[in-house]
Structures are given as structure tokens and as C-alpha cells.
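In: Quick one, what's the 3D model for this:
(chains A and B)
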Amino acid sequence: MKKLKNKILILLILTVASLGGCCARPVPLESPSPPALFLDHTAYPETFRTIHRCTLSIGSRTFVFNGYLKVDRALNTIKCVAQSDMGATVFKYVYRAGNLNILYCTPGFKPDWIKKYALRDASLVCLPRSSARLPRETRQESILTDTRLTRYRICKHDTEIYTATFTYSKGDRQEGCHGDFAIPKTITIIDKSLDYRLDIRVVDFRCIPENDS
Amino acid sequence: MTMNRCTFLRGVIPSLLLLFVLLFSIPDAAQAEAPMSQAEVAKLLERIEVTFLDTTSLGTSFEQEKQISFFDGTIKSTGALLFQHPDKVRMDSFTPFRTSAVVNGDTAIQYEFVNGRWTKLDTATNRMLHAVMKNIISWLQGRFNDASLYGVTGVMKSDQPYLTLTPKSPEYQKHIHHFELGINKAVNGLDSILIMLPDGDYTRYTFYNDRINGTLPSEIFNTQGKEPSVLPSWLTPAP
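Out: Down below sits the predicted model:
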């Protein structure tokens, strides 16, 4: 009887452990993943880490958190942690060449939101253009000013459904970077279909030498 | 001959390594952590509850250190924490960005400094902010001994007591591995708070320049303004 109880307990622990941190196994995303919102105009270094101060409004609700990202554009990889000011983790994931592995997400934050929004926006900001297709009847446009991407948008018919606006500060140099990179100071992403607005302030940006990435 | 040298080296290298370990562990040993007995912890908690309750106000600067597994090095930021008995607390960040979170009674509000001006946020996280700040108030008043919530252990490091609060609930443990509270030598305030997450990432607040039971202007806890009230100059960073 005791052995049976122990077995049930182990089974329970294993079940909970597999659920803990949302989902530990990589989740293959729908091809060609994630949404078709990649840019090829960002002049980013191949490998970098950055800290984003984020204010996210969905409908009438606003969330504030800090995003810590490490990116390898050649390997199509993003490692991301979002934390509250106090240091608690909101979510943590690794995206590597089409596979999303959600390592943690706090109660109240749906894992689906990471896939649909957090990764979508991080990919837009950080990764090179993919061969992803746009939804039907949509087209994308990029507006460059002085060779810098200042606006990106997706339109359905003639209506903007998704926009990303980039601003830059003059004379900024990024620590450890050798080259003329165009790193935005602020990024505002608006998804009109969802009443969704994400304001990002880039508070830190550092290139990572290839050997350290 | 070569074999003999190899055999010799095989014998000597571990001895040298052991010697190195011993040599370099001697200074550490002098500062080693000395675990406190449960009786000592209970006695310290009793003392803290008495001395911390004498704290009616607190203003302190802090440095926040954050360690994230895939980020090299430590991410640092600075700010200030203010407390007025019984239920007012404010936490400001100065660098690398400016924010202010204020709890005044049942109201919690957050301000962000964006594009040269303050914005008042009615955030969905205010309820969480309120809960966290209440927890901080509770600690500032020396109430660590919630036997239903945490297991408490203690160590002495360089004559300074540190208390570790480990959540008892398995559900809570999924989110917080433990808190470590550095008690100051006078045992009337906190020197540091470490928030250790289950995956090894952590955030540590180290407090300095603190003033206990000084006079704090009441308006600094105002939650009605469009922007946070200006902090006392001794807490604000040099321009």
C-alpha cells in the first residue's frame, strides 16, 4: 500500500514538474513561424544583448516590465527574460531556429501570449527577415530615413493593422560594437486588431564578440 | 623515464591542487558563514521584531544587482526606497531608467519618465505592486516570522546576521526559491535583500546612505499627482 502511495506521489511530482514553468519541451511553431513580420533593414550586429524597458497596453490594461534579450542573428536565436521591477520573472523563453522553448511564465500570463506577441515583437525588432509569408490580402512596407528604418507597417487593403515606429538618437555608440549600426532608442509597436500597444525603450545595447556568443 | 615522470606528476599534481585549495580556502575560512541554530534564529527574530518596530520612517539609497543566466556579468541599477509607518512606501529607480512606484494605504501607483516627462500609469500590475510593497513594509517592520509562509534559517557572515526565508508552499517555490535578508549590525534595519529564483537568476538590493526615523516630507507619498513628488536631495543621485 505504501509502495503504491509512493508511486502515485512520484507520478504526481513528475506530472507537476512537466507542467511547471508552463511547458519545458520545445514547441514547433507553425511554418514558417512566427508571424510574417521580420525586417531586413535593421543594421544590427550578428550577436548582441540588449535591455528593453517595456510598457505594454492591451485594451485598458497596462503592464510594465524589463526585457533582457540575447540574440544571435546568424543562428536565428533569441534568449529572453521579462522581469518586473522587483525582480520576479514574468516569462522566460529560448527561441532557436523555429522552435520556441518556454522556460517559465508567471501565473496570469498565458504561454500563448509569448508565442503570439512577445516572440513576434522580439523577432521583428531583433532578427533578420525570414521567408515568412504574410496573411492573405496584406502587404508590408518599410520606410527608411537616412538609411535607418523608421517605420514598418502591415496593411490589409488600405488599412494599417500593425505598425512599428523606430526613433534614434544622434551620436549614440554601443559598447563593444565595431561598425556603423543603427540601434533604435525607442520602438513603438501597435497592433490595431488587438488594441495592443508596446512601447520599448532601449536602455542598454552591447555587441557580443563572436567567441563569447 | 617518461612513464616515471608521468607517474610522479600524477602523484604531485593532485597534492599541489590540494595545497592550492587549502591555501586559498584559509582566508575564506576566516570569513566563513557560521550557521545559526534555530534557537539563535528565534532569538534574533524576537529582537528584530522589537527593534524594527521602532522604525517609523526610513529613507535609503540602493544598488540593484541582477544576475541572469545567459547575460554575462551583472546588470546594475540604482534607486531609493522610502518608508513611513504604518503603510506608506515608495521605490524609485534612477538608472538606467527612471520610475517611481508609490504605495499609500490601499492605493498603489506607478510613474514612468519617458521622453523627458513623467507619465502616470494605471497598470494592471498595480495590484501585484501593492502586494509586493506590503511585503516590503512587513519586512521593514521586522515581521519575517510567518511560520505558515516561510521556513527561516540564519547564518553569520563577518559578524553580520543573514536570514533566509524559504517558501513552504510548493506552488510558491515554483516562483521564488528563497529570500535572503541581510540584517545590519545594529539589528535595526536591512542592509540587503536577495531574491533568488528557482533557475538561479537573482536580484539583490544593497542599501546604503540610510536614515532611520528621520523626517520625510509627507507629499513624497502622494499618489494623486501627475508626477511623483521630488525626493529629498540626500537621496537623489548627483546630476
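
In: What strands line up against the strand or helix carrying residue B:211, and which way round?
Out: Under the criterion of DSSP states H and E, residue B:211 resides in strand B:202-212. Strands that pair with strand B:202-212, judged by DSSP bridges, come out as strand B:57-67 (antiparallel), strand B:190-196 (antiparallel).

In: need the ones you listed in JSON lines with mean pLDDT and mean neighbour count, can you?
Out: (C-beta placed from N, C-alpha, C; glycine too.) Output for the strands paired with strand B:202-212, formatted as JSON lines (pLDDT from 0 to 100; neighbours: other Cβ atoms under 10 Å in any protein chain shown):
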{"stretch": "strand B:57-67", "mean pLDDT": "94", "mean neighbour count": "19"}
{"stretch": "strand B:190-196", "mean pLDDT": "92", "mean neighbour count": "20"}
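
In: Confirm for me that residue B:53 is in contact with residue B:188.
Out: No. Assessed by Cβ atoms under 8 Å, residue B:53 is found out of contact with residue B:188, at 9.9 Å.

In: neighbour count winner among the two?
Out: Applying other Cβ atoms under 10 Å in any protein chain shown to residue B:53 and residue B:188 shows that residue B:188 carries more neighbours, namely 19 against 14.

In: can I assume the more buried one sits in a strand?
Out: No. Going by DSSP: H, G, I helix; E, B strand; the rest coil, the assignment for residue B:188 is coil, not a strand.

In: neighbours around the nearest residue to it once chain neighbours are set aside, how many?
Out: Setting aside the residues directly before and after it, residue B:188 is nearest to residue B:51 in space (Cβ to Cβ, 6 or more residues apart in numbering or on different chains), at 4.5 Å. Residue B:51 has 15 neighbouring residues, counting by other Cβ under 10 Å.

In: that's a helix at residue B:51, yeah?
Out: Yes. The assignment for residue B:51 is a helix, going by three-state DSSP.

In: Could you measure from it over to residue B:141?
Out: Noted for residue B:51: a distance of 11 Å to residue B:141, by Cβ to Cβ, to the nearest Å.

In: Low-confidence ranges, chain B, go.
Out: Regions of chain B meeting the criterion pLDDT under 70 cover residues B:1-31, B:123-129, B:238-239.

In: which bits of it sit near chain A?
Out: Selection of chain B residues close to chain A by Cβ under 8 Å from any Cβ of the partner chain yields B:64, B:66, B:68, B:70-72, B:75, B:91, B:93, B:96-97, B:99, B:101, B:110, B:112, B:114-115, B:121-125, B:128, B:132, B:170, B:174-176, B:195, B:197, B:199, B:201-203.

In: give the contact list for the residue nearest to residue B:188.
Out: Neighbour list for residue B:51: B:142, B:186, B:187, B:188 [criterion: Cβ atoms under 8 Å, 6 or more residues apart in numbering or on different chains].

In: out of those, who's nearest chain A?
Out: Nearest to chain A among the contacts of residue B:51, counting by Cβ to the nearest Cβ, is residue B:142 at 20.0 Å.

In: mind checking which helix or strand that closest one is in?
Out: Residue B:142 belongs to no helix or strand when assigned by DSSP H and E.

In: Tell me who's in contact with it.
Out: If you count contacts by Cβ under 8 Å, 6+ apart, then residue B:142 has B:48, B:49, B:50, B:51, B:52, B:53, B:55 around it.

In: now with 6 Å?
Out: B:48, B:49, B:52, B:53 (Cβ atoms under 6 Å, 6 or more residues apart in numbering or on different chains).

In: Show the buried residues in these.
Out: By neighbour count, with 16 or more other Cβ atoms under 10 Å in any protein chain shown, the contacts of residue B:142 hold B:48, B:52 as buried.
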